[in-house]
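**Q** Quick one, fold the following:
(2 chains)
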Amino acid sequence: MRSECKHLEPLVHDYAEGWLVGAERERLLRHLVDCPDCQEKLKAWSAVGRALRELPRLPAPVSESFAPVNENEPKFALRLALAMCLPVALMITAYSTQWQSPKWEQLTPYEPLLRLAERAQDWVLTLWVWLRGVL
Amino acid sequence: MPEDATLVAQCLRGDTRAFDALVERYRDRVFSLAFRILGEASAAEDAMQESFLRAYTRLPLYDPAQPFSTWLLCLTARVCLNARRDRATELRYLEQAAKAMPPVATLEERLYEREQRRTLQRLLMRLPAPQRAAMLMYYYEELPIAEVARALEVPEGTIKTWLYRGRESLRRWLEEELA
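**A** You can find the predicted model right below:
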């Protein structure tokens, strides 16, 4: 390798990348014509660049969704509150005639339904009496 | 298939399915870059998750003038370099790798192991981490020098020097290996 080669080595790299322009490019091309060592280096560097570009893409391991929880979706507490609305509404309807806090022993799961059935029975009886009066 | 910019805009409006679509589009590229920089599949998987999480939280800072892929891959390279700096994490990975060898490796695991043994990937791991990241960002992901420099927080001239030295080291090592 000539002393000039060592000096021009970074330019060979820049030339391989296509970064070299103008007078420096001309100078390097003149040198390359009669320097087999630099020609060899240029070929080797190009091969390394090509090998790096052609490294295979690897499949990412399958994992769960990366998307964080959507902040626009109702929060758990809100969803729970909405879900509780219907049973609470039923209980309020059932106990609304004369509101008094129900005793613990009355708070069976079907107690509100019984209360509703009782109230429905009253309505049906009232309607029946009115209809008989009209007819 | 919607453009990246469309998906980013949808995501900024709160549509997480749009972000899932971006993840699906880039997961292999992000994982591959992380694997090439870190040289280990479980570390690369962690880096991939960290990268997507950061991308999601920093999406409002993303400048649409730049391609989304460039922004995401630069972010991934920074995550990988930070992970390497964290020595404790590195040791944990080594311990995990030592005791978590499954009796039958999956197809993907065998692929990663084969990649680890491959000459070029092995030689890449000999380069200093920032230099390796620069080489991979420039050659493997074909990102512009300016973006690589910005991501690694060094001047463009330094990146060019790293590329030159890195390529020369690889050439020398490859010649030694193949001799």
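**Q** Quick check: which ranges of the chain have low pLDDT?
**A** I went with chain A, as the question did not name one. Within chain A, the segments meeting pLDDT under 70 span A:1-2, A:63-76, A:94-109.
**Q** That was the other one, I meant chain B.
**A** Across chain B (using pLDDT under 70), the flagged ranges come out as B:1, B:87-106.
**Q** can you give me the helices for it?
**A** B:4-12, B:16-38, B:41-57, B:68-85, B:87-99, B:107-117, B:119-124, B:129-135, B:145-152, B:156-178 (DSSP state H).
**Q** Which elements pack onto the third one?
**A** So the one you mean is helix B:41-57. helix B:16-38, helix B:68-85, helix B:87-99, helix B:107-117 (3 or more C-beta pairs under 8 Å, 6 or more residues apart in numbering or on different chains; DSSP states H and E). (C-beta placed from N, C-alpha, C; glycine too.)
**Q** Please identify the buried residues of it?
**A** Residues of helix B:41-57 classed as buried: B:41-52, B:55-56 (neighbour count, 16 or more other C-beta atoms under 10 Å in any protein chain shown).
**Q** Repeat that for the shortest one.
**A** For helix B:119-124, a neighbour-count test (16+ other C-beta under 10 Å) marks B:L120, B:Q121, B:L123, B:L124 as buried.
**Q** Closest one of the residues you listed to chain A?
**A** Distance to chain A, by C-beta to the nearest C-beta, is smallest for B:L120 among the buried residues of helix B:119-124, at 5.7 Å.
**Q** Contact partners for that closest one?
**A** For B:L120, the contact set (C-beta atoms under 8 Å, 6 or more residues apart in numbering or on different chains) comprises A:A51, A:L52, A:L55, B:L170, B:L174.
**Q** top of those residues by neighbour count?
**A** Neighbour counts for the contacts of B:L120 peak at B:L170, which has 24 neighbours (criterion: other C-beta atoms under 10 Å in any protein chain shown).
**Q** so that one makes contact with B:M125?
**A** No. At 11.3 Å, B:L170 does not count as touching B:M125 under the criterion of C-beta atoms under 8 Å.
**Q** What residues of the helix of greatest length in chain A count as buried?
**A** Counting by DSSP H, the longest helix found in chain A is helix A:111-134. Neighbour-count burial for helix A:111-134 flags A:E111, A:P112, A:R115 (criterion: 16+ other C-beta under 10 Å).
**Q** Which of the residues you listed sits closest to B:Y139?
**A** The shortest approach to B:Y139 among those belongs to A:P112, at 71.9 Å (C-beta to C-beta).
**Q** Would you confirm that the closest one contacts A:A89?
**A** No. A:P112 lies out of contact with A:A89 (C-beta under 8 Å); the separation is 10.0 Å.
**Q** before we move on, back to that, redo the helices of chain B as JSON lines? Include distance to A:P10.
**A** JSON lines is the format used below for these (distance: least, C-beta to C-beta, whole Å):
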{"stretch": "helix B:4-12", "distance to A:P10": "36"}
{"stretch": "helix B:16-38", "distance to A:P10": "25"}
{"stretch": "helix B:41-57", "distance to A:P10": "32"}
{"stretch": "helix B:68-85", "distance to A:P10": "24"}
{"stretch": "helix B:87-99", "distance to A:P10": "33"}
{"stretch": "helix B:107-117", "distance to A:P10": "31"}
{"stretch": "helix B:119-124", "distance to A:P10": "21"}
{"stretch": "helix B:129-135", "distance to A:P10": "16"}
{"stretch": "helix B:145-152", "distance to A:P10": "15"}
{"stretch": "helix B:156-178", "distance to A:P10": "6"}
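**Q** Helices of chain A, start to end?
**A** Taking DSSP H as the criterion, chain A carries its helices at A:3-17, A:22-33, A:36-53, A:76-95, A:111-134.
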